[in-house]
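> this is a predicted model, with the sequence first.
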Amino acid sequence: MKRVLVAAVTVGMAIVLSPVASAEPSWTMPNLIGRDLQGAQDAIQSLTHGEVWFSSSTDLTGKGRAQISDRNWQVCSSTPPPGAKFTASTEI
């Protein structure tokens, strides 16, 4: 009778774990329609603790007027709409 010698070899494996990507913080868009543009911008900056500080605007009269004083402009609509989630990378 023959004897069979069986040898087991374990090969070590290194597993590299990358850090879990943290989700970008998000906020819920408040209803700023009817407020002056400066007040709306201040509200967004306050809500996001300064993480969102830029918002764009459009002259809805179609005249292409330039903003000089944000307090003289009124928010007529918002993107994203009130109640929607937004992040620092969302165009507002």
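Perfect, thanks for sending it.
> for the rest of this, base every contact and every neighbour count on C-alpha atoms.
Noted.
> which residues in the chain form helices?
37-47 (DSSP state H).
> so where is it shaky, pLDDT-wise?
Residue ranges of the chain with pLDDT under 70: 1-22.
> kindly provide the distance from residue 89 to residue 42.
Using Cα to Cα, to the nearest Å, we find residue 89 at a distance of 18 Å from residue 42.
> what's near enough to touch residue 66?
Contacts for residue 66 (Cα atoms under 8 Å, 6 or more residues apart in numbering) come out as residue 59.
> identify the residues contacting stretch 56-63?
Contacts for stretch 56-63 (Cα under 8 Å, 6+ apart): 64-66, 91-92.
> and the end-to-end length of that stretch?
End to end - Cα to Cα - stretch 56-63 spans 16 Å.
> quick one: that stretch to chain centroid distance?
Once both centres are worked out by Cα atoms, centre = their mean, to the nearest Å, stretch 56-63 turns out to sit 24 Å from its chain's centre.
> so residue 44 touches residue 55, yeah?
No: Residue 44 is not in contact with residue 55 according to Cα atoms under 8 Å; the separation is 9.0 Å.
> of the contacts of stretch 56-63, buried ones?
residue 92 (16 or more other Cα atoms under 10 Å).
> ok, the contacts of stretch 56-63 vs residue 28, which is closest?
residue 92 (12.2 Å; Cα to Cα).
> so residue 35 touches residue 77, yeah?
No: using Cα under 8 Å, residue 35 makes no contact with residue 77, being 10.3 Å away.
> which one's more surrounded, residue 44 and residue 55?
When neighbours are counted by other Cα atoms under 10 Å, residue 44 comes out ahead of the other of residue 44 and residue 55, with 23 against 14.
> hey, what's residue 74 bridged with?
Applying DSSP bridges to residue 74 yields these beta-bridge partners: residue 36.
> shift numbering so it begins at 29
Will do, 29 is the new start, and the previous item becomes residue 102.
> which residues does it contact?
By Cα under 8 Å, 6+ apart, the neighbours of residue 102 are 61-65.
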